[in-house]
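Undergrad: Pasting a predicted model and its sequence here:
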Amino acid sequence: MTGLVDSLLKLAAKKLPVEMADEKTKAVRYGICKACPKYDAENDRCTVCKCFMDIKTGTKKHLNPVALRTEITHCPLGKWFDKEIANAYRKIDRKPLIE
């Protein structure tokens, strides 16, 4: 069942109207993700936000599959030099802020 849900989420993410980030931004983000211990290489997903990294790293906004909302694309751990954005969503979700 999880495979089916994952396939549907990935298909939905590809079909949503999105504004794409430039290729340099995508490459930098993807490189950071691939070096992160929270990256699931087998499934090309982040184990924190559950996003498919081949899609998320190349967008300016994305669908958060956990919170079920559209967000400004960011690393939930602030590793893309975007702690301000990550902390704004962490505050909404009542999670501890990143220092």
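TA: Here it is on my side, so go on.
Undergrad: Torsion angles phi and psi at residue 62?
TA: According to degrees, to the nearest 10, the main-chain angles of residue 62 amount to phi -150, psi 160.
Undergrad: Please report the distance of it from residue 30.
TA: Note on residue 62: its distance to residue 30, by C-beta to C-beta, to the nearest Å, is 14 Å. No exception for glycine: its C-beta is placed from N, CA and C like everyone else's.
Undergrad: Okay, helices next: where are they in this structure?
TA: Ranges of helices within the chain are 2-15, 23-35, 53-56, 83-92, based on DSSP state H.
Undergrad: Report all helices and strands that the third one contacts.
TA: This means helix 53-56. In terms of contact count using 3 or more C-beta pairs under 8 Å, 6 or more residues apart in numbering; DSSP states H and E, helix 53-56 is assigned the packing partners helix 2-15, helix 23-35, strand 45-46.
Undergrad: Let me know the average pLDDT across the second one.
TA: In this model, helix 23-35 carries a mean pLDDT of 98.
Undergrad: That helix: which residues count as buried?
TA: The neighbour-count criterion (16 or more other C-beta atoms under 10 Å) identifies 25-26, 29-30, 32-33 as the buried residues of helix 23-35.
Undergrad: Just the CA coordinates for that helix, please, in CSV.
TA: Presented in CSV, the C-alpha positions along helix 23-35 are these (Å, rounded to 0.1, in the frame of the first residue of the first chain):
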residue,chain,number,x,y,z
GLU,A,23,19.4,24.4,-12.5
LYS,A,24,22.3,25.7,-10.3
THR,A,25,19.9,26.0,-7.3
LYS,A,26,18.6,22.5,-7.9
ALA,A,27,22.2,21.0,-8.1
VAL,A,28,23.3,22.7,-4.9
ARG,A,29,20.2,21.6,-3.0
TYR,A,30,20.4,18.0,-4.3
GLY,A,31,24.1,17.8,-3.4
ILE,A,32,23.3,18.9,0.2
CYS,A,33,20.5,16.4,0.4
LYS,A,34,22.6,13.5,-0.9
ALA,A,35,25.3,14.2,1.7
